[in-house]
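Peer 1: Structure for the following, please:
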Amino acid sequence: MSTAVAAPFRFFALRVAGTRRLGPSLVRVTFEGPDLREFRSDGRDQSLSLFLPHPGQSAPVVPVELGDDWWRGWRELPDDVRAVMRSYTLRGLRADAEGRTTGIDVDFVLHGVTEGAGPSAEAGPASRWAARAAAGDRVLLLGPAVADNRAIRFRPPEDTDLVLLWADETALPATAAVLETLPAGTRARVWLEVPHSGDVQDLATDADAEITWLVGHAHDQGSPMALDDIRTTELPPAERPYVWIAGEADHVKRLRRHFVDERGIDRRRVTFVGYWRRGLTEEQLREQG
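Peer 2: So this is what the prediction gives:
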């Protein structure tokens with residue numbers, strides 16, 4: 001497939017190569033396919049768009065033949081026909097000796113899915129798909145063909161002397177990928193919120209990183225669980241900190257306000273990304289945007 005969409009992004013036709021449950025709330029899906037030879041990414045918090053089929057469909061329906069006008073054609077399809085579109089983060093990438101991508105990993109949060117019991121009525125279409133994904137299942141991915149692209153948001157200035165990270169479970173894959181890219185000697189302070197103790201992971205990093213895990217369900221609360229801990233934490237001395245916060249949109253706003261207004265960190269050194277908003281589907285968020 002050679003369809004170009006807002007270069008440097010393009011469509012990649014992929015198949016599931018395997019899945020691995022990471023905890024009560026997370027499953028890793030590995031994708032492969034010859035199209036990936038053209039996939040390029042510098043990693044970090046690389047954003048991707050996945051198109052998933054509805055139950056009973058053998059493949060997601062996206063009018064890629066329309067080229068750059070695919071979005072209009074996709075929107076005009078009936079709701080029960082057009083592919084389910086969801087945003088995810090690249091968790092891992094494998095390449096051959098010549099640098100061509102051979103496989104990628106994407107971690108899915110299983111909202112409304114109980115381990116051993118399957119999806120409940122509250123589970124969304126992406127959670128239901130991921131919980132039942134099996135080798136050979138077909139998806140379509142809109143991703144980068146250029147390694148350094150605008151869908152990578154984690155970009156600390158070169159003079160950064162302290163990295164501060166916060167994420168809920170939806171941004172945990174991105175945080176894990178970011179930590180893997182931090183060079184030795186980088187000072188980092190990290191807060192991660194997950195629903196279950198089984199979701200806590202051993203995260204690899206060469207950085208001098210202090211990681212705090214908070215376990216519980218904060219989605220129905222007005223503030224992230226980490227806010228009180230962050231407020232009372234004496235941060236290492238730093239003249240040029242960089243902040244990256246991602247997850248539920250209202251929680252992200254509260255934390256950004258803390259770092260900018262209460263900590264006095266230059267707002268230009270704060271990257272904040274609302275991955276989702278409580279009570280809204282991704283389709284509703286897109287309509288608002």
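
Peer 1: low pLDDT regions in the stretch 101-250 of the chain?
Peer 2: By pLDDT under 70, the weakly predicted segments of the stretch 101-250 of the chain are 112-123, 218-222.

Peer 1: quick one, strands of it?
Peer 2: With DSSP state E, counting those that start in this stretch as the criterion, the stretch 101-250 of the chain has strands at 101-109, 113-114, 118-119, 138-144, 162-167, 187-194, 208-215, 241-248.

Peer 1: Out of these, flag the one nearest residue 79.
Peer 2: Ranking the strands of the stretch 101-250 of the chain by proximity to residue 79 (Cβ to Cβ) places strand 138-144 first, at 17.4 Å. C-beta: built from backbone N, CA, C; applies to glycine.

Peer 1: tell me what that closest one is packed against?
Peer 2: Judged by 3 or more Cβ pairs under 8 Å, 6 or more residues apart in numbering; DSSP states H and E, the packing partners of strand 138-144 are strand 9-23, strand 47-52.

Peer 1: Check those strands for me and report the most buried one.
Peer 2: Stretch with highest mean neighbour count among those: strand 47-52 (a mean of 21; mean count of other Cβ atoms under 10 Å).

Peer 1: distance between that strand and the chain's centre?
Peer 2: From the chain centre to the centre of strand 47-52 is a distance of 10 Å (Cα atoms, centre = their mean, to the nearest Å).

Peer 1: Run the angle between it and strand 101-109 for me.
Peer 2: Between strand 47-52 and strand 101-109, the angle comes out at 80 degrees (axes from the mean of the first three to the mean of the last three Cα atoms, to 10 degrees).

Peer 1: Could I get the average pLDDT for strand 47-52?
Peer 2: For strand 47-52, mean pLDDT rounds to 97.

Peer 1: Parallel or antiparallel, which strands does that strand pair with?
Peer 2: Neighbouring strands of strand 47-52 in its sheet, by DSSP bridges, are strand 84-95 (antiparallel), strand 138-144 (antiparallel).

Peer 1: and the longest one, which residues are buried?
Peer 2: Judged by neighbour count (16 or more other Cβ atoms under 10 Å), strand 84-95 contains these buried residues: 84, 85, 86, 87, 88, 89, 90, 91, 92, 93.

Peer 1: Just checking the distance from that strand to the centre of its chain.
Peer 2: Its chain's average C-alpha position is 7 Å from that of strand 84-95, according to Cα atoms, centre = their mean.

Peer 1: contact partners of it?
Peer 2: Contact with strand 84-95 is made by 28, 39, 41, 43, 45-54, 60, 74, 101-108, 125-126, 129, 143, 171, 173-174, 176-177, 275, 282, as judged by Cβ atoms under 8 Å, 6 or more residues apart in numbering.

Peer 1: switch the cut-off to 7 Å
Peer 2: Strand 84-95 is contacted from outside by 28, 41, 43, 45-52, 54, 101-107, 125-126, 173-174, 176-177, 282, using Cβ atoms under 7 Å, 6 or more residues apart in numbering.

Peer 1: Give me the buried subset of those.
Peer 2: Neighbour-count burial (16+ other Cβ under 10 Å) is assigned, among the contacts of strand 84-95, to 28, 41, 43, 45-52, 101, 103-107, 125-126, 173-174, 176-177, 282.

Peer 1: Would you mind giving the domain segments of this structure?
Peer 2: As assigned by automatic domain parsing, the chain contains the domains 4-144, 162-276.

Peer 1: just to revisit the earlier point, can you tell which of the strands of the stretch 101-250 of the chain is closest to residue 64?
Peer 2: Residue 64 sits nearest to strand 138-144 of all the strands of the stretch 101-250 of the chain, at 7.4 Å, using Cβ to Cβ.

Peer 1: quick check: angle from that closest one to strand 9-23?
Peer 2: Using the same axes, to 10 degrees: strand 138-144 against strand 9-23 is 120 degrees.

Peer 1: and the strands of the stretch 101-250 of the chain as CSV, adding distance to residue 79?
Peer 2: Shown next, in CSV, are the strands of the stretch 101-250 of the chain (distance: least, Cβ to Cβ, whole Å):
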stretch, distance to residue 79
strand 101-109, 22
strand 113-114, 22
strand 118-119, 19
strand 138-144, 17
strand 162-167, 31
strand 187-194, 32
strand 208-215, 36
strand 241-248, 25
